[in-house]
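Q: what's the 3D shape of this:
(one chain, ligands or ions: 2)
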Amino acid sequence: APLQGRAQGRAAAVDHAALGNVDAPAQVGNWLSYGRDWGEQRYSPLAQINAGNVARLGLAWFDDLDTMRGVQGTPLVVDGVLYNVSIYNIVTAYDAATGRKLWTYDPQVGAEWARLACCGPSARGIAAWNGKIYIGALDGRLIAVDAASGQEVWTTQTFEREGLLNAYSITGAPRVYDGKVVIGNGGADYGVRGFVAAYDAETGERLWKFYTVPGNPADGPDGAASDSAMQIALPTWHGEWWRWGGGGTAWDSFAYDPDLNLVYIGTGNGTPHMWSIRSNGQGDNLFLCSIVAVDATSGEYRWHYQMVPEEDWDYTCTQPMVLANLPIAGRTRQVIMQAPKNGFFYVLDRATGELLSAETYVSQNTWASHIDMATGRPVLQPGAHNTATPHLMSPSWMAAHTWHPMAYSPQTGLVYFSAQEQGDVYAAMDAGDFTFVRHRSNSGQQRRNDPELRARLMAQARAEEKGYLLAWNPVTQTEAWRVPYRVPGSGGVLATAGNLVIQGTIDQTLAIYRADNGEKLWEMDIDQAPVAGAITYLVDGVQYIAINAGWGGSPVYNLGPFTTGTAKLLVFRLDASGVTLPPPPPPGDLPRPPFLTATEDQVARGRELYGETCARCHGPNAVGGLKDLRWMTAETRARFADIVLRGLYAERGMIGFADVLDEDGAAAIHAFLIARANEDYADASPGAPVLPPRREQ
Ligand SMILES: O=C(O)c1cc(C(=O)O)c2c(n1)C(=O)C(=O)c1cc(C(=O)O)[nH]c1-2
Ligand SMILES: [Ca+2]
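A: Ligands and ions are numbered 1, 2, ... in the order given. Here you go, the predicted model:
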């Protein structure tokens, strides 16, 4: 009861008007918004934990989130109460010092949303304002709950659920800017028309709506805040893109400048991915893969900068956007920075959208050689656009950097983020062969032609891949330092005034580095590879670091036999002792795969169907997903069609796919999985008995 009282009293008392100035004394110990401040710097001025003493860091408390799925959420801390969000948007309030649970709110998102959302039931964050917590649920509900009690205050449905083009979902965190809740949505890989909307934080009433791409011109204006902007966008589209929605979803990042009264929207890829199908291979397709600045009050267009004209690669510019004031060419510039999927780091003037600089941060970039500073346009590499012939693109849709939180330290002047080099093979389907299917990946990619060329290119991509923590100087556009990892897939980043940079790693650790030079100061095995960003906060004079540790989401597939414990919320402080994590489950023997009896054609068909239907959750090439399908038991194999077609495991989120697959298709996928298991069994199971022959004669 006393804790409850404290939560009530304090959550209601917070001076949220100070959110624009999170460094006001009353706010220094809090973490009030997804990126901590409206400029999304993910930099905390707290320095009690610092480079000199971080070696004394220990686990203070943890909570088992009881899932093997990826947990991407950034918690919030408001005056001693930590609000966390787990999969399916389940929100729990804890005493931030002790971990004692105060309340849990489960919005009861249906398990089918594990499939209806492109990338699993992830939730990256929640928002706080004036005694309320805001949840953007996967199924499109924007829900306000009372911060003290966890009781629902209001709910608004933000998108239509029915109809061919309504494959929307919400994975990103809502933001509250001066009493307005801003939320976007995802679905551009399936086929939607992207939009962003703002709601009154007290009532849930919609204030404005901004479409990021034009609809069917025959339908006339939308009556939305974006109507004038669509006049700019429309001439850059060709063909009949609206039949598939066009895409351009704002599925993750926003930022806000209260002085300029601008909301910055990061937009995503087109639907279908192939430009040749979507727009007859013509036009820039505004506002795909752009930063669009709109007036916070009216939602009206102010400026845009398109990073990826002619979007053709599932490149998105929804990656974190960070506002800062930087000394550039002798004067202080108000900038917005982003490191999107395409491997370039951009610095723009955030008042005007003027491009100040852009440089690639990856070692090879097959998309563009450089950005032409006179026109602001990329200079594409020869052959960058997709044709029927498979070619290797790096960066690929897997991104040189994706949603994983990025941090900027005003103390070092450096930006920190998880970078990776992961190429992939692209080939465009003939427009005439493209059929659109609701709630399925509608990429327009062709995945069967030239298998030998593909295999060679894929082998090259795997041989060249890298993952590293990058410290980048945004003024000089050069690398300051890097920490290389074994493989891609490490998580989001936090920077603090204690000269610290904090990141969960693919080696299943939490690691802390010196912010100025990258020297490793502390690392702990946590039996999980966190993808989320850490936060830090102060309660009763003690500084804590918290992180959700649960691997998943953005495709990372080369983890090898990856056994972890369940996802957990971990909280650390100096000199904590006595709290230990339960041991991870033992690896266990891999079930030996059965003989492959299918034909090569059946396996190839299965590979293609797997790529379209299963890879998002189970990992590209059947490696590293939520559940590794190479190592199914004989019992699971016997039930394969019932699981895949008839939803035997629907309550776990694996709902049936009978609407897009038939018995033959399911059998082909099974054949592909058996083929993959046979390929990998010897390596994955060292010491196992000699492999059975690959194929029965
Ligand atoms: O186009 C979209 O609407 C959309 C949505 C999402 C999402 O909502 O998670 C992702 C992507 N695209 C995407 O391209 C992508 O690489 C991606 C990775 C992840 C993730 O959770 O790790 N989500 C998404
Ligand atoms: Ca996408």
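Q: can you pull out the low-pLDDT segments for the stretch 501-650 of the chain?
A: For the stretch 501-650 of the chain, residues meeting the criterion pLDDT under 70 lie at 554-564, 587, 624.
Q: so which residues of it form strands?
A: Using DSSP state E, counting those that start in this stretch, the strands of the stretch 501-650 of the chain run over 509-514, 520-525, 535-539, 542-549, 568-574.
Q: quick one: closest of those strands to ligand 1.
A: Ligand 1 sits nearest to strand 542-549 of all the strands of the stretch 501-650 of the chain, at 13.2 Å, using Cβ to the nearest ligand atom. The C-beta positions use only the backbone N, C-alpha and C, and glycine is treated the same way.
Q: got the angle between that closest one and strand 568-574?
A: Interaxial angle, strand 542-549 versus strand 568-574 (axes from the mean of the first three to the mean of the last three Cα atoms, to 10 degrees): 150 degrees.
Q: given strand 542-549, what are its sheet partners and their directions?
A: Looking at strand 542-549 with DSSP bridges, its partner strands are strand 535-539 (antiparallel), strand 568-574 (antiparallel).
Q: wondering if that strand reaches ligand 1 at all.
A: No. Strand 542-549 lies out of reach of ligand 1 by Cβ under 6 Å from any ligand atom, never closer than 13.2 Å.
Q: taking strand 509-514 as reference, get the angle to that strand.
A: Using the same axes, to 10 degrees: strand 542-549 against strand 509-514 is 130 degrees.
Q: could you number the chain from 671 rather than 1 from now on?
A: New numbering, starting at 671: the last item is strand 1212-1219.
Q: how about the strands of the stretch 1171-1320 of the chain in a markdown table, adding mean neighbour count and distance to residue 951?
A: Shown next, in a markdown table, are the strands of the stretch 1171-1320 of the chain (neighbours: other Cβ atoms under 10 Å; distance: least, Cβ to Cβ, whole Å):
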| stretch | mean neighbour count | distance to residue 951 |
| --- | --- | --- |
| strand 1179-1184 | 23 | 45 |
| strand 1190-1195 | 15 | 48 |
| strand 1205-1209 | 24 | 44 |
| strand 1212-1219 | 25 | 42 |
| strand 1238-1244 | 23 | 47 |
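Q: nearest to residue 1004, out of the ones you listed?
A: In terms of Cβ to Cβ, the element of those nearest to residue 1004 is strand 1205-1209, at 25.4 Å.
Q: residue 1254 touches residue 1238, doesn't it?
A: No. With contacts defined as Cβ atoms under 8 Å, residue 1254 does not count as touching residue 1238, sitting 11.2 Å away.
Q: ok, residue 937 touching residue 989?
A: No. Taking contacts as Cβ under 8 Å, residue 937 lies outside contact range of residue 989: 10.9 Å.
Q: out of the two, which sits in the more crowded spot?
A: residue 937 (32 against 25; other Cβ atoms under 10 Å).
Q: measure the more buried one to residue 1023 for me?
A: Remark: distance between residue 937 and residue 1023 (Cβ to Cβ, to the nearest Å) = 14 Å.
Q: for residue 1010, list the residues it contacts.
A: Residues in contact with residue 1010 (Cβ atoms under 8 Å, 6 or more residues apart in numbering) are 936, 959, 977, 978, 985, 986, 987, 988, 989, 1016, 1069, 1071.
Q: now do the contacts for the fourth one.
A: Shown in contact with residue 978 (Cβ under 8 Å, 6+ apart): 958, 959, 960, 985, 987, 1010, 1012, 1048.
Q: residue 1148: which of the strands of the stretch 1171-1320 of the chain is closest?
A: Among those, the nearest to residue 1148 by Cβ to Cβ is strand 1179-1184 (18.4 Å).
Q: flag the shaky bits of the stretch 821-970 of the chain, pLDDT-wise.
A: Applying pLDDT under 70 to the stretch 821-970 of the chain flags no residue at all.
Q: which parts of it sit against ligand 1?
A: Contact residues (Cβ under 6 Å from any ligand atom) of the stretch 821-970 of the chain with ligand 1: 841, 856, 857, 858, 859, 919, 921, 938, 939.
Q: how about a cut-off of 8 Å?
A: Contact residues, the stretch 821-970 of the chain versus ligand 1 (Cβ under 8 Å from any ligand atom): 839-842, 855-860, 862, 864, 917, 919, 921-922, 938-939, 941.
Q: do the stretch 1071-1220 of the chain as well
A: Looking at ligand 1, the residues of the stretch 1071-1220 of the chain close enough under Cβ under 8 Å from any ligand atom are 1072, 1073, 1201.
Q: which among the residues you listed gets closest to residue 727?
A: Nearest to residue 727 among these: residue 1201, at 20.8 Å, using Cβ to Cβ.
Q: which ones are touching the closest one?
A: Applying Cβ under 8 Å, 6+ apart to residue 1201 gives the contacts 740-742, 1074, 1159, 1161-1162, 1174, 1220-1224.
Q: quick one, phi/psi of it?
A: phi -100, psi -20 (degrees, to the nearest 10).
Q: what sits closest to it if chain neighbours are left out?
A: In space, and not counting its chain neighbours, residue 1201 is closest to residue 1161: 4.4 Å by Cβ to Cβ, 6 or more residues apart in numbering.
Q: ok, residue 909 next?
A: Using Cβ to Cβ, 6+ apart, the nearest residue to residue 909 is residue 950, at 4.2 Å.
Q: for ligand 2, see how far away that neighbour is.
A: With distances taken as Cβ to the ion, to the nearest Å, residue 950 is found 21 Å from ligand 2.
Q: whichever residue of the stretch 921-1070 of the chain sits closest to ligand 2 and residue 1346, how far apart?
A: Closest residue of the stretch 921-1070 of the chain to ligand 2, Cβ to the ion: residue 939 (4.5 Å). Residue 939 sits 27 Å away from residue 1346, going by Cβ to Cβ.
Q: that older thread, burial of the residue nearest to residue 909, as a residue count?
A: By other Cβ under 10 Å, the residues close to residue 950 number 14.
Q: wait, doesn't residue 813 sit right on residue 825?
A: Yes. Between residue 813 and residue 825 a contact is recorded at 4.9 Å, counting by Cβ under 8 Å.
Q: pick out whichever of these two has more residues nearby.
A: residue 813 (22 against 14).
Q: from residue 802, how far out is that one?
A: Here the criterion is Cβ to Cβ. By it, residue 813 lies 10 Å from residue 802.
Q: same question for residue 1320.
A: For residue 1320, the distance to residue 802 equals 33 Å [Cβ to Cβ].
Q: swap in residue 1340?
A: The value you get for residue 1340 to residue 802, if Cβ to Cβ is used, is 48 Å.
Q: swap in residue 1290?
A: From residue 1290 to residue 802 the distance is 40 Å (Cβ to Cβ).
Q: ditto for residue 945
A: 42 Å.
Q: same thing with residue 811?
A: Here residue 811 is placed at a distance of 15 Å from residue 802 (Cβ to Cβ).
Q: which residues touch the residue sitting nearest the centre point of the chain?
A: Central residue of the chain (Cα atoms, centre = their mean): residue 1073, 3.7 Å from the mean position. Residue 1073 makes contacts with 742, 794, 842, 922, 923, 988, 989, 990, 1223, 1224, as judged by Cβ under 8 Å, 6+ apart.
Q: backbone dihedrals for residue 936, please?
A: Dihedral angles (degrees, to the nearest 10) for residue 936: phi -100, psi 120.
Q: how close does it sit to residue 1010?
A: As judged by Cβ to Cβ, residue 936 and residue 1010 stand 8 Å apart.
Q: overlap in contacts of those two?
A: The contact lists of residue 936 and residue 1010 share 986, 987, 988, 989, where a contact means Cβ under 8 Å, 6+ apart.
Q: restricted to buried residues, select the residues you listed in PyMOL.
A: To isolate the buried members of these in PyMOL, using 16 or more other Cβ atoms under 10 Å:
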select buried, resi 986+987+988+989
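Q: out of the shared contacts of residue 936 and residue 1010, which one sits closest to residue 1248?
A: Distance to residue 1248, by Cβ to Cβ, is smallest for residue 989 among these, at 39.4 Å.
Q: do a quick rundown of the helices in the protein.
A: Assigned by DSSP state H, the chain shows helices spanning 672-683, 783-786, 897-903, 945-948, 1121-1134, 1270-1283, 1285-1288, 1304-1308, 1310-1316, 1333-1354.
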